[in-house]
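1. Below is the sequence, then the predicted model.
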Amino acid sequence: MARPDPGPDASHSAAPPDWYSHGLNRLFYYRIAQTAASTLPRPARLRLARGLGRLLSRAVPAERRAVRSNLARVLAGASPRELDRRVSETFANFGVFFADLLTLNRRPAADLDAYVASDEGEHHLDTALAAGRGVVLLTAHLGNWEFAGRLLSSRGRRTAHVVLSAEQDQALERYLRLDSPQLRFVTRRHATSTLGLLAALRRAELVAMQADRPTGGRGDAIVPFFGEPRARRALRW
């Protein structure tokens, strides 16, 4: 979820903010949602999730404003009505991703390919792997990226190490990050947490991480975002 915008007068030299986490991001609420979602077949579950996502957008005005501010930059010139429609669609899509996170991501990795309609650019990964060296995969905190991490292990790839920041609720962290024989979650808690990743790359394994989640550390940087230099982005390792 986007963090509320600091505004056009925010100093570029200001310390990047800690990552935003909503009060609902707790294991108790996840378990309730997971139990409810599991009772429905997937088509009905996704329709319900989209509707609930739109309703949620009305209950979290600060988050809705932040999403609208970002979309106004991305969709320069869009009318207020169009922006409102896109904001509602963003929250609807979030509902879908969240429903899949609670259900599909807990299924065996071998079952996940059945839920992929199409893929694009996978040959680039095949080319990188053919070199016989480790590969770093860099992505954004966008869509169901957890699902993508599990797909790496389901398609006969080498062991994948997914680098993540610690959750505020450690019980939720354990619930979401289920290791498998070919998938390892690496929680970035202190400076030495990721030392093992270098050894993994030397073993020609995969290291996946996000590059857009500010943590308030030295890896954070200010970069342009659709022409707006005040946007913040984190380079995480």
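-> Yep, it's here. Numbers count the residues shown, from 1 in each chain.

2. remind me which residues of the chain are low pLDDT?
-> 1-21, 153-157, 215-217, 229-237 (pLDDT under 70).

3. Distance check, the residue minimising distance to the centre of the chain against residue 94.
-> When C-alpha atoms, centre = their mean is applied to the chain, the residue found nearest the centroid is residue 141 (3.5 Å). Distance of residue 141 to residue 94, given as C-beta to C-beta, to the nearest Å: 12 Å. Heads up, the C-betas are built off the backbone N, CA and C, glycines and all.

4. next one: residue 165
-> Using C-beta to C-beta, one gets 19 Å for the distance from residue 165 to residue 94.

5. Touching, residue 205 and residue 182? I think so.
-> No. Between residue 205 and residue 182 there is no contact under C-beta atoms under 8 Å: 9.3 Å.

6. Tell me the residues that contact both of those two, please.
-> Both residue 205 and residue 182 are contacted by 158-160, under the criterion C-beta atoms under 8 Å, 6 or more residues apart in numbering.

7. Inside helices: which ones of those?
-> Among the shared contacts of residue 205 and residue 182, DSSP state H puts none in helices.

8. Neighbour-wise, give me the winner out of the residues you listed.
-> Neighbour counts for the shared contacts of residue 205 and residue 182 (other C-beta atoms under 10 Å) peak at residue 160, which has 23 neighbours.

9. Could you pull up the contacting residues of the residue nearest to the centre of the chain?
-> By C-beta under 8 Å, 6+ apart, the contact set of residue 141 is 210, 212-213.
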